[in-house]
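>>> Here is the input, now give the coordinates:
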Amino acid sequence: MILVSIVVMLMSSTGQADSGTLLPPCPSSPNCVSSMATDSHRIEPLAVRGDARACFARLRTVLGKRKDTTIISADDAQIRVEFRTILGFVDDGLFILDLPNSRIEIRSAARVGYWDMGKNRRRMEEIRADYSG
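A predicted model of the protein is given here:
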């Protein structure tokens, strides 16, 4: 919760993420992926092609249609979600619009445990496919 607040505070006064915006770092455990990681947690960000606001709105629609996803908060620059697994575990997702770099930074991490059997990475790739499709 505090880390999300820090990310939001890094937003510029226009409500858009600037190029210095950071996602919270992943823990050392393998149950997290982030487009800002430089190690095995790394996942590619979502590309913004064309109108950035339309792309971010499309992502919000994709997330809203997922049965395993609850949008916790959303504005013009960030979307925070909870993902629920079939076993009842909750994972946290964060999507930040990075206008200067024409991309959407993404992060998904399990709240508890050590190993997620690749669930966070697979889920984010499913979201990428739906967003790009």
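
>>> Sketch out the helices for this structure, chain order is fine.
Remark: helices assigned in the chain by DSSP state H are 2-9, 52-65, 119-132.

>>> List the buried residues for the second one?
By neighbour count, and taking 16 or more other C-beta atoms under 10 Å as the criterion, the buried residues in helix 52-65 are 52, 55, 56, 58, 59, 62, 63. Bear in mind the C-beta positions are built from the backbone N, C-alpha and C, glycine included.

>>> hmm, back to that, can you tell me which of the helices of the chain is nearest to residue 30?
Among those, the nearest to residue 30 by C-beta to C-beta is helix 119-132 (9.2 Å).

>>> contacting residues around the closest one?
Residues outside helix 119-132 that contact it (C-beta atoms under 8 Å, 6 or more residues apart in numbering) are 31-33, 43-44, 46-47, 58-59, 62-63, 65-66, 68, 83, 85, 91, 93, 106, 108-110.

>>> can we see that at 7 Å?
31-33, 43, 46, 58-59, 62, 83, 85, 91, 106, 108-110 (C-beta atoms under 7 Å, 6 or more residues apart in numbering).
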